[in-house]
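Student: pasting the sequence and the predicted model now:
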Amino acid sequence: MLIKKRTGIEIPSSQITPEHLYLSRRHFMKGAAAIAAGALLAACRPDPPTTLPPTVAASDETGAAPATAAAISVATDELGRAVNSFESITNYNNYYEFTVDKQRVAELAADFQTSPWRVVVTGMVDKPGIYEIDDLRRKFDQEERIYRLRCVEAWSMVIPWQGFPLAQLLQAAQPQSAAKYVRFQTLYDPEQMPGQKSSRYEWPYTEGLRLDEAMHPLTILATGLYGRDLLPQNGAPVRLVVPWKYGFKSIKSIVQIELTDVMPTSLWMAAAPHEYGFYANVNPEVDHPRWSQASERLIGVGRQETLMFNGYADQVAALYAGMDLRRNF
Ligand code: MTE
């Protein structure tokens, strides 16, 4: 069940979606229908001026293609950036297990089997466990969070997720005192994920966080977006979302979470260690060796400056106090 929950931690209340914005789809559609005619006209404009916020597309009742976009300009993050349309979020994806073509992931992942699905929590914990996906949805109250997602490729979106703090699952597993890191792994199934037949990368996709990063209240396991279950292209049925780090840290379709005392080597660290580090914190002052990270293209809006820690510095900068962020990139 989806609930609104005060976490008691330093998440600005505007990052937890205001109740009136996250309605059932039926209600959402009613809201859309009530939008003034001028807004609908705006949604039909071929190329809106970049100063206007992007419109929000409402899902249709069948769960198939989203309905015509309706301008709901109040659906913003705490910086006032409008959430991207459902259409954009589900049709412009990075998911190398299927293809490197962002605009074909949805089509190629359409038949990906996400049920039954189990997530194993293992390693340096006193209470290891195997969770069916429905257990995760039932045992941990699902919250709504509007987060910015900043890809290392210098594009970004604003996404309304549903999920729960990873800390809750880790606490249930009772990490041992020697555990320092969390290692995440995506499903390995080359028959379903043709990209895994390529030897270019070390499959399965693997990511890692320091334990304190994993326990941070902004770090969530997402099971849905826009009020519905995740679609395969976005990492169904469960993925990590770490909003202050480059998007590649937010690993999709997780099957294993392991507590360890060894810093995990991610797929990207193994593929190009001089380009992708363990931390991957969004940092406009540290460029990628092949391009600048000072700005980004917010999909549907245009180019804008990139913010330190993707705009979450107040909440997370203390995690890196005293560290050289150029060396620990
Ligand atoms: N997880 C897996 N398993 N495989 C991937 O290729 N791509 C990452 C991340 N998680 C990726 C992944 C990258 S580079 C980004 S930017 C985000 O997913 C994109 O998430 P989205 O497609 O839901 O926007």
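Tutor: On my side now, so go ahead.
Student: the ligand contacts on the protein?
Tutor: 93-97, 149, 151, 186, 205, 234-235, 247-248, 250-253 (C-beta under 6 Å from any ligand atom). For the C-beta atoms, the positions are set from N, CA and C on the backbone; glycine is no exception.
Student: dump the residue contacts of Lys127.
Tutor: Listed by C-beta atoms under 8 Å, 6 or more residues apart in numbering, the contact set of Lys127 reads 172-174.
Student: chain neighbours aside, what residue packs nearest to the closest residue to the ligand within the chain?
Tutor: The ligand sits closest to Gly247 of the chain, with a gap of 2.7 Å, by C-beta to the nearest ligand atom. Using C-beta to C-beta, 6 or more residues apart in numbering and skipping the chain neighbours, the partner closest in space to Gly247 is Cys151 (4.2 Å).
Student: hmm, back to that, which ones are touching the residue of the chain closest to the ligand?
Tutor: 94, 149-152.
Student: how about 10 Å then?
Tutor: The neighbours of Gly247, taking C-beta atoms under 10 Å, 6 or more residues apart in numbering as the test, are 94, 148-153, 155-157, 241, 280, 282, 310.
Student: now a PyMOL select for only the buried ones of these.
Tutor: The following PyMOL line selects those of those that are buried, judged by 16 or more other C-beta atoms under 10 Å:
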select buried, resi 94+148+149+150+151+152+155+156+157+241+280+282+310
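Student: looking at the contacts of Gly247, which one is closest to Val105?
Tutor: Asn94 (7.5 Å; C-beta to C-beta).
Student: my guess is that closest one meets Val152, correct?
Tutor: Yes. Assessed by C-beta atoms under 10 Å, Asn94 is found in contact with Val152 at 9.4 Å.
Student: what do these two both touch?
Tutor: Common neighbours of Asn94 and Val152 (C-beta under 10 Å, 6+ apart) are 247-248.
Student: still on that earlier bit, spit out the contact partners of the residue nearest to Gly247.
Tutor: Cys151 sits next to 92, 94, 102, 157, 246-248, 250, 282, 296-297, 299 when contact means C-beta under 10 Å, 6+ apart.
Student: bridging residues for the residue nearest to Trp155 when sequence neighbours are not counted?
Tutor: Closest residue to Trp155 apart from its sequence neighbours, by C-beta to C-beta, 6+ apart: Arg297 at 4.7 Å. Using DSSP bridges, the bridge partners assigned to Arg297 are Trp155, Arg303.
Student: where's Arg297 relative to Val83, distance?
Tutor: 16 Å (C-beta to C-beta, to the nearest Å).
Student: more neighbours, those two?
Tutor: Higher neighbour count among Arg297 and Val83: Val83, with 28 against 14, using other C-beta atoms under 10 Å.
Student: the more buried one contacts Thr76, doesn't it?
Tutor: Yes. Counting by C-beta under 10 Å, Val83 does reach Thr76; the two are 6.9 Å apart.
Student: so what's the residue nearest to Trp291 when sequence neighbours are not counted up against?
Tutor: Among residues not flanking Trp291 along the chain, Ala154 sits closest, at 6.3 Å (C-beta to C-beta, 6+ apart). Counting by C-beta under 10 Å, 6+ apart, Ala154 makes contact with 246, 288, 291-297, 303, 306.
Student: follow-up on the earlier one: and the gap between the residue nearest to Gly247 and Ser199?
Tutor: On the measure of C-beta to C-beta, Cys151 and Ser199 end up 25 Å apart.
Student: so what's Arg145 bridging to?
Tutor: Bridge pairing for Arg145 - DSSP bridges - gives Ile16, Trp161.
Student: for Glu97, give me its contacts.
Tutor: Glu97 touches 105, 108-109, 112, 186-190, 192-198, 201, 203-205, 252-253, counting by C-beta under 10 Å, 6+ apart.
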